[in-house]
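Novice: fold the following, please.
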Amino acid sequence: MSYTFPVTRTTHPKPKPDQSNLGFGKYFTDHMFIMDYDEGQGWHDGKIVPYGPISLDPASCVLHYAQMMFEGMKAYRTPDGKINLFRPDMNAKRLNRTNERMCIPFMDEELFIEAVKATVHADEDWIPTAPGTALYIRPYIISDEVSFSVEPAKHYHFIIILCAVGAYYDINRGGLTGSHIYEEDEYIRAAVGGNYAGGMRATKKALEAGCKEVLWLDARDHKYVEEVGTSNAFFMIDDEVITAPLGGSILPGVTRDSTITLLKKWGYKVSERKLSIDDIEAASKNGTLQEAWATGTACVISPIGYLRYKGEDIVINNGNVGALSQKLYDTIYGMQTGVVPDDMGWIVQI
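Specialist: A predicted model of the protein is given here:
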């Protein structure tokens, strides 16, 4: 099925930001996508309009019961001027898994991808070209129905906004570095069937301890490694790469899946199984802890150099970026930006 969306161009385009100081979530583009859902009618009237505020009734469901969802992805400018999306079909599938959990109506996956393409195309002149930069894409759905009933809404807005984002790593300082991560054993990020809502308190603790992010443990036993911040966590111990299994509290990350697929293709042993923080400490002491990294849309691959545990640091690979972490980053980011050939069929060009 072919989808087309009317475009209303802004009459007040914004100045483009300095690509050397983009940050994250600071510079939003000129346009956004918006589409409605009504029970009995389905998703309808998708359109691209000038970026601006949206109106919500104070009694909207989303403000009281948080019935909403969001996705995250990026568009990249290749050296020959083309625009790449990385595995948008995975984002479409994950959107519908989240919708099912949040009692939000299903969305046709092709409709989602075409809406993303159209929105990026409308603001393609915003895609930065400096090394490490990209156009971040934030699709989300909110229930704006006016109701105090604790039941699924019958009306929703689907919105896509874009922002030019800077390099996750400082290119001028050599790119990838080993992050300092704080092991959290008091607060939890998510239980099975839960979400990310309560994570900010622990993140504040980590930052106050001089660490960049939180290593989350499971909600029941406070023992098994789950994620790093909002990213998936990987540990390489005695030539085995281990990551937490998907079981209701683990984000089914697109970069996570890509990492596992590539590692298996390269011949590495990959296990999706539980790994305790005590096992990591023991591996550090006996010399079998080789590398650790996080995967996500923002960072692609974020090496872990230090893990703060019980007030002391577990040092991983002498705090340096490991060879496998670097290879994964170079391969995935290279595919995304068109520098490395895509032999996996993951790139969709606009």
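
Novice: tell me where the protein has helices.
Specialist: 61-65, 88-101, 109-122, 200-208, 254-265, 277-286, 323-337 (DSSP state H).

Novice: buried stuff in the longest one?
Specialist: Going back to what we said before, that points to helix 323-337. Residues 324-326, 328-333, 335-337 are the ones in helix 323-337 that count as buried (16 or more other C-beta atoms under 10 Å). (Each C-beta comes from the backbone N, C-alpha and C, glycine too.)

Novice: next, the angle helix 254-265 makes with it.
Specialist: Relative orientation of helix 323-337 and helix 254-265, computed by axes from the mean of the first three to the mean of the last three C-alpha atoms, to 10 degrees: 120 degrees.

Novice: what residue ranges in the stretch 51-200 of the chain score low on pLDDT?
Specialist: Scanning the stretch 51-200 of the chain for pLDDT under 70 picks out 169-176, 183-199.

Novice: where along it do the strands fall?
Specialist: With DSSP state E, counting those that start in this stretch as the criterion, the stretch 51-200 of the chain has strands at 68-70, 73-77, 83-86, 134-142, 155-165, 179-184.

Novice: can I get those in JSON lines including distance to residue 345 and mean neighbour count?
Specialist: Listed next are these as JSON lines, based on distance: least, C-beta to C-beta, whole Å; neighbours: other C-beta atoms under 10 Å:
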{"stretch": "strand 68-70", "distance to residue 345": "26", "mean neighbour count": "18"}
{"stretch": "strand 73-77", "distance to residue 345": "17", "mean neighbour count": "22"}
{"stretch": "strand 83-86", "distance to residue 345": "11", "mean neighbour count": "22"}
{"stretch": "strand 134-142", "distance to residue 345": "20", "mean neighbour count": "22"}
{"stretch": "strand 155-165", "distance to residue 345": "24", "mean neighbour count": "21"}
{"stretch": "strand 179-184", "distance to residue 345": "31", "mean neighbour count": "22"}
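
Novice: returning to what we had before: now, among the buried residues of helix 323-337, which is nearest to residue 61?
Specialist: Comparing the buried residues of helix 323-337 against residue 61 with C-beta to C-beta places residue 336 closest, at 36.0 Å.

Novice: check contacts around that closest one.
Specialist: 74, 76, 84, 86, 134, 300, 347 (C-beta atoms under 8 Å, 6 or more residues apart in numbering).

Novice: re earlier: and which of the buried residues of helix 323-337 is nearest residue 306?
Specialist: residue 325 (14.2 Å).

Novice: isn't the closest one up against residue 305?
Specialist: No: when contacts are counted by C-beta atoms under 8 Å, residue 325 is not listed as touching residue 305 (10.0 Å).

Novice: so residue 143 versus residue 56, what's the distance?
Specialist: 10 Å (C-beta to C-beta, to the nearest Å).

Novice: who's more crowded, the two?
Specialist: residue 143 (25 against 14; other C-beta atoms under 10 Å).

Novice: contacts only, for that one.
Specialist: With C-beta under 8 Å, 6+ apart, residue 143 has these contacts: 60-62, 65, 67-68, 104, 152-153, 155-156.

Novice: which residues does residue 35 contact?
Specialist: Contacts of residue 35 by C-beta under 8 Å, 6+ apart are 43-47, 115, 157-159.

Novice: likewise residue 30?
Specialist: 10, 13-14, 50-51, 122-123, 126 are the contacts of residue 30 under C-beta under 8 Å, 6+ apart.

Novice: could you redo the last one with a cut-off of 7 Å?
Specialist: Listed by C-beta atoms under 7 Å, 6 or more residues apart in numbering, the contact set of residue 30 reads 10, 13-14, 50-51, 123.

Novice: likewise for residue 64?
Specialist: By C-beta under 7 Å, 6+ apart, residue 64 lies in contact with residue 148.

Novice: how much space between residue 243 and residue 164?
Specialist: 31 Å.

Novice: shouldn't residue 292 be in contact with residue 304?
Specialist: Yes: contact status for residue 292 versus residue 304: in contact at 3.9 Å, counting by C-beta atoms under 7 Å.

Novice: where do the contact lists of those two overlap?
Specialist: With C-beta under 7 Å, 6+ apart as the test, residue 292 and residue 304 both reach residue 316.

Novice: which one of the two is surrounded by more residues?
Specialist: More crowded of residue 292 and residue 304, by other C-beta under 10 Å: residue 292, with 31 against 27.

Novice: OK, contacts around that one?
Specialist: 234-236, 304, 316.

Novice: is it possible to export those to TSV including distance to residue 29?
Specialist: Converted to TSV, those look like this (distance: C-beta to C-beta, whole Å):
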residue	distance to residue 29
234	33
235	38
236	39
304	33
316	38
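
Novice: quick check, nearest of the residues you listed to residue 272?
Specialist: The closest of those, once distances to residue 272 are taken by C-beta to C-beta, is residue 234, at 10.4 Å.

Novice: bridged to residue 140, which residues?
Specialist: Following DSSP bridges, residue 140 is listed with bridge partners residue 70, residue 159.

Novice: renumber starting at 307 from here on
Specialist: All right, first residue 307 from here; so that's residue 446.
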